[in-house]
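1. Need coordinates for the below:
(chains A, B, C and D)
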4 protein chains.
Amino acid sequence: MIKAIFLIQSPDSKGILATVTGFFFQRGYNILHCQQHTDSYEKRFFMRIELDASDMKVSRKELEDEFGKMAGSLGLEWSCHWSDYKTRIAILVSKTGHCLYDLLSRHLEGELNAEIPLIISNHPDMEKAANQFRIPFYFFPISEGKEAQEEKIRSLLRRFDIDLVVLARYMQILTPDFIDEWRGRIINIHHAFLPAFQGANPYKRAYERGVKMIGATAHYASEDLDQGPIIEQDVIRVNHELTAEGLREVGKDCEKRVLASAVKAHLEHRVIIYKNRTIVFTVER
Amino acid sequence: MIKAIFLIQSPDSKGILATVTGFFFQRGYNILHCQQHTDSYEKRFFMRIELDASDMKVSRKELEDEFGKMAGSLGLEWSCHWSDYKTRIAILVSKTGHCLYDLLSRHLEGELNAEIPLIISNHPDMEKAANQFRIPFYFFPISEGKEAQEEKIRSLLRRFDIDLVVLARYMQILTPDFIDEWRGRIINIHHAFLPAFQGANPYKRAYERGVKMIGATAHYASEDLDQGPIIEQDVIRVNHELTAEGLREVGKDCEKRVLASAVKAHLEHRVIIYKNRTIVFTVER
Amino acid sequence: MIKAIFLIQSPDSKGILATVTGFFFQRGYNILHCQQHTDSYEKRFFMRIELDASDMKVSRKELEDEFGKMAGSLGLEWSCHWSDYKTRIAILVSKTGHCLYDLLSRHLEGELNAEIPLIISNHPDMEKAANQFRIPFYFFPISEGKEAQEEKIRSLLRRFDIDLVVLARYMQILTPDFIDEWRGRIINIHHAFLPAFQGANPYKRAYERGVKMIGATAHYASEDLDQGPIIEQDVIRVNHELTAEGLREVGKDCEKRVLASAVKAHLEHRVIIYKNRTIVFTVER
Amino acid sequence: MIKAIFLIQSPDSKGILATVTGFFFQRGYNILHCQQHTDSYEKRFFMRIELDASDMKVSRKELEDEFGKMAGSLGLEWSCHWSDYKTRIAILVSKTGHCLYDLLSRHLEGELNAEIPLIISNHPDMEKAANQFRIPFYFFPISEGKEAQEEKIRSLLRRFDIDLVVLARYMQILTPDFIDEWRGRIINIHHAFLPAFQGANPYKRAYERGVKMIGATAHYASEDLDQGPIIEQDVIRVNHELTAEGLREVGKDCEKRVLASAVKAHLEHRVIIYKNRTIVFTVER
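-> Numbering: from 1, shown residues only, chains lettered A, B, ... in the order given. Predicted coordinates for the structure are as follows:
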């Protein structure tokens, strides 16, 4: 079944829900799933609506145009997504492979509605993984100069029509220009339970602070390091038996599932960003 | 703010969502929260809708009647609840007090939108707890004969206009008659992760099976022991260091929070029962 | 069964384990449980040993003296605890009662090997809880002047032979003098997952940061606010549906169980502090 | 550092701990980690002891022989393991690849102290995964006849000097002969929280029962299906939005981490089996 997914946000006002659902009902669409959230503090309305688009009587463009007119009159921000389009992902990685392997395996097993046309790294180590999964690998060392290296990456992203950049333990800070061009389309995994342990060496600092749980956080990248909108977090219980190195080992599992979960939420068009927070709708399966 | 909450279920069909939201929009109600779920396996539609009912232009009865007409024409099963009504709870308990204390403390702290006009037991032990919280306590020993004892309980429930019976570790099996009269309005806590360890002595059997987690399950009581619709479950990690008695001790925390969570879901009108399953909607706070 | 529990720490060196276990074996004691941990980073050895002390042939003082000689020769820091002694707890609380009720109920249910001879507050609100559980309540408002108020508290702690101070949501910062006198014997609950959201209003800041889990941390109080040695932490999953106020509500459960768990670990003599970290041994039950 | 790990069990009696630690201390070994557990219900003693074996003055055989004499006089059951030996694993799989990919990726990333010389399947589907990771793949269809097929597998296991068989979603019931030959050396992953949903189609039955959490269980295979000693379990929260198929999807993550965790515990010689239960010691890292 082909589905159309609309993501909507606007200042809160009466009647948006009834108007939007009425719009689709009058045109004969079956609404498969409809979720709505009002942030009473921000006075803002958020909505995700999923339609059966199998037997449309009009073109996709016509539906979008018509919806756009209605949305314009109500002052809605919105986007529309079609379930038969595969989001094109570029994975950036450094030396550590656990998140990369996890994403590639999930992709191969059909868990991700996406294509992964390339992997980019500032180190040569993960070429072997790319080869195993037969995905082109690009190695751009930082020694070339940070800006030159980033320019190569950005040029590749354009050339491959990339929609989403996943930083799967890519241990470089991106420039504000890069972030700005790709705002809301770069997902990073931080190996700590943000806002605890922002920045470098979180496992070492977690050991020193003597925490009893460690965590991981997937978030959209923003100019301020580790401060972008959080999509998903999880933790794992630890104790005094683990050194910093031990924490790093057991933390890997947490990083993998948090990153995968965030990427899936993005691919399934379940995330809306507002200011520095996310609304992440759940999904019927 | 006074709220009206409608719980709705019906065979799935196009347009219910648009019709129901339209119904309230046309009458000028502000929809605070609307959740809907379609079970694609059962082909059944479920909905919870929460309205601001602060400045109603019609009486509650008029709104319900009007809604009832519309609902009748669509073939909906529904119920309507008003947030300023406090659900009247009777707690049944045996000798173990942790769930009882937990509910009474939460009630006193304002967590439960309810009144607790009485506590009933087949043992005298918990009278002290009832006295501490100044709630009338009724002691009906089973030695009087099971049916006679139950008749006394049922008569009290009627006399006190009870809406919900909570079995907070009440270690007696209720008769089918009792269950039938109170269907969907008795919440029981079972001290295991159902369907594992149904019936007696779950902690002993958990020890013998060598499980690595133990759990608790809150469910609506049904004729078949421990087989009614599940509302909430949770688990706690254990290891080889715990005997059956140790499991019983650490399990208490799990029982308390699972029962409290299920009772809250019921009090907030977030639960719909269909066949032997529940839909439990989440809530904005 | 009466038990003796020895807690031991020292710089790491070969043979401590064999020497200590040999010491008790040669004197005919049955070792019920022995746990040992070596921190390879700090090069430090930690040990907890639990003996059956039911039929001792010597006095407790004699055993401790003899052990002390051996320990002195090996350079061990140690303490000895007897299971038939009930630790004397003073609970300090402000206006919020959920942690207080939780501890009092657990105590009444026999979960805590302790006595609670008094409750102290800077507000009158929780007198009702103290009365319900028939525990003397002392109300010392801050308006008397911070130092004068603290002096009254400290004087009471001495008069009642208190061993452990539990800050069950006591919203005052203690003076360095107070902390210093009671070092390692004050347990505080912080309503966030430290080191995230140290200081005031953690739930509001958690909402603003858009975290997907909130937590609680029990730690020994130190001069630096919210930076003392962590004993226990836990988290609870949240989402965009919760405002700061909603986070506060759902966080209560987490605070209660984290504080209770830390207090139990202390009462069961399972915690050793070294620098700013804790070793928390598990226990057979 | 090369380590020797001794796993010991025996009927409980005074002095085993002191005698064993004394044995190693007198011979000048540094005990890195020593864990002991007494099951008070079974009156049985369990112990794991980890030595620094870097500069041994005697051969490994001499140490084992000498220990064997002492152990014999005390009536201990024991085994000795050396950390520089890589356990040889055969993975058996059917059509579903998520557990297989997870184990292969972890192996490549250096998480498993093991070699994986072969993968065996009753279906051809996973040959691609074997090829990606350059591991020999053997396809033995059941159509050859169950016993003949098993004979081929068992012959391969012998030829490749296999130590441990991992059933990574191998959907065939092994014969009692096979089980018996490999007792305590076959780890299976069951896609449910045992003892709930033993046998076939656990996700479908979980959906029908309406559980609010699903789980996975790794256990040693025994003659009775899904009833062998449990090594590790975990669960994941679910709700009414998931069909049986949805549960299957989200359950995969749980299966992967439970199986990996159990395999690691086995490879690190942290598991002792007694009757139908396991003692799983934790590990310092």
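2. tell me the helices in chain A, going along the chain?
-> Per DSSP state H, chain A carries helices over the ranges A:16-26, A:60-74, A:98-108, A:127-132, A:146-159, A:176-181, A:202-209, A:244-267.
3. Hmm, residue B:35 and residue A:281 touching each other?
-> No. Judged on CB atoms under 8 Å, residue A:281 makes no contact with residue B:35 at a distance of 11.0 Å. The way it works is simple: take the backbone N, C-alpha and C, and place the C-beta from them, glycine included.
4. wait, which of the helices of chain A is closest to residue B:170?
-> Distances from residue B:170 to each of the helices of chain A were compared using CB to CB; the shortest belongs to helix A:244-267, at 39.4 Å.
5. and the angle from that closest one to helix A:98-108?
-> Per axes from the mean of the first three to the mean of the last three CA atoms, to 10 degrees, the angle that helix A:244-267 makes with helix A:98-108 is 30 degrees.
6. and helix A:244-267 with chain B, contact?
-> No. Helix A:244-267 stays out of contact with chain B when judged by CB under 8 Å from any CB of the partner chain, the minimum separation being 14.4 Å.
7. residues from the stretch 1-150 of chain A in reach of chain D?
-> A:97, A:98, A:101, A:102, A:105, A:106, A:108, A:109, A:111, A:132, A:133.
8. now the helices of chain A as JSON lines including distance to residue D:276 and mean neighbour count?
-> Shown next, in JSON lines, are the helices of chain A (distance: least, CB to CB, whole Å; neighbours: other CB atoms under 10 Å in any protein chain shown):
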{"stretch": "helix A:16-26", "distance to residue D:276": "55", "mean neighbour count": "21"}
{"stretch": "helix A:60-74", "distance to residue D:276": "59", "mean neighbour count": "14"}
{"stretch": "helix A:98-108", "distance to residue D:276": "34", "mean neighbour count": "23"}
{"stretch": "helix A:127-132", "distance to residue D:276": "40", "mean neighbour count": "16"}
{"stretch": "helix A:146-159", "distance to residue D:276": "56", "mean neighbour count": "15"}
{"stretch": "helix A:176-181", "distance to residue D:276": "56", "mean neighbour count": "14"}
{"stretch": "helix A:202-209", "distance to residue D:276": "38", "mean neighbour count": "20"}
{"stretch": "helix A:244-267", "distance to residue D:276": "28", "mean neighbour count": "22"}
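9. Tabulate these (CSV), appending mean pLDDT.
-> Written out in CSV, the entries for these read as follows (pLDDT from 0 to 100):
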stretch, mean pLDDT
helix A:16-26, 90
helix A:60-74, 96
helix A:98-108, 97
helix A:127-132, 96
helix A:146-159, 96
helix A:176-181, 95
helix A:202-209, 95
helix A:244-267, 96
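10. Can you say which of those helices is nearest to residue D:47?
-> Across the helices of chain A, the minimum distance to residue D:47, taken as CB to CB, is reached by helix A:244-267, at 22.3 Å.
11. near chain D, anything from that closest one?
-> Yes. Part of helix A:244-267 sits near chain D under the criterion CB under 8 Å from any CB, namely A:245, A:246, A:249, A:250, A:252, A:253, A:257, A:260.
12. Show me which of those is closest to residue A:146.
-> Distances from residue A:146 to the residues of helix A:244-267 next to chain D, taken as CB to CB, are shortest for residue A:252 (27.5 Å).
13. what sits against the closest residue to residue A:29 other than its chain neighbours?
-> If you skip the residues right next to it in sequence, residue A:29 has residue A:51 as its closest partner in space, 4.7 Å away by CB to CB, 6 or more residues apart in numbering or on different chains. Neighbour list for residue A:51: A:3, A:4, A:5, A:6, A:24, A:29, A:30, A:31, A:32 [criterion: CB atoms under 8 Å, 6 or more residues apart in numbering or on different chains].
14. pLDDT value on residue A:51, please?
-> pLDDT, residue A:51: 93.
15. Could you check how far it is from residue B:29?
-> Going from residue A:51 to residue B:29 by CB to CB, to the nearest Å gives 25 Å.
16. can I assume residue A:116 is in contact with residue A:107?
-> Yes. Counting by CB under 8 Å, residue A:116 does reach residue A:107; the two are 5.7 Å apart.
17. Give me the neighbour count for residue A:116.
-> The local packing of residue A:116 (other CB atoms under 10 Å in any protein chain shown) involves 23 other residues.
18. any idea how far residue A:81 is from it?
-> For residue A:116 relative to residue A:81 (CB to CB), the value is 19 Å.
19. Find the closest residue to chain C in the stretch 1-150 of chain A.
-> Minimum separation of the stretch 1-150 of chain A from chain C (CB to the nearest CB) falls at residue A:41, amounting to 5.3 Å.
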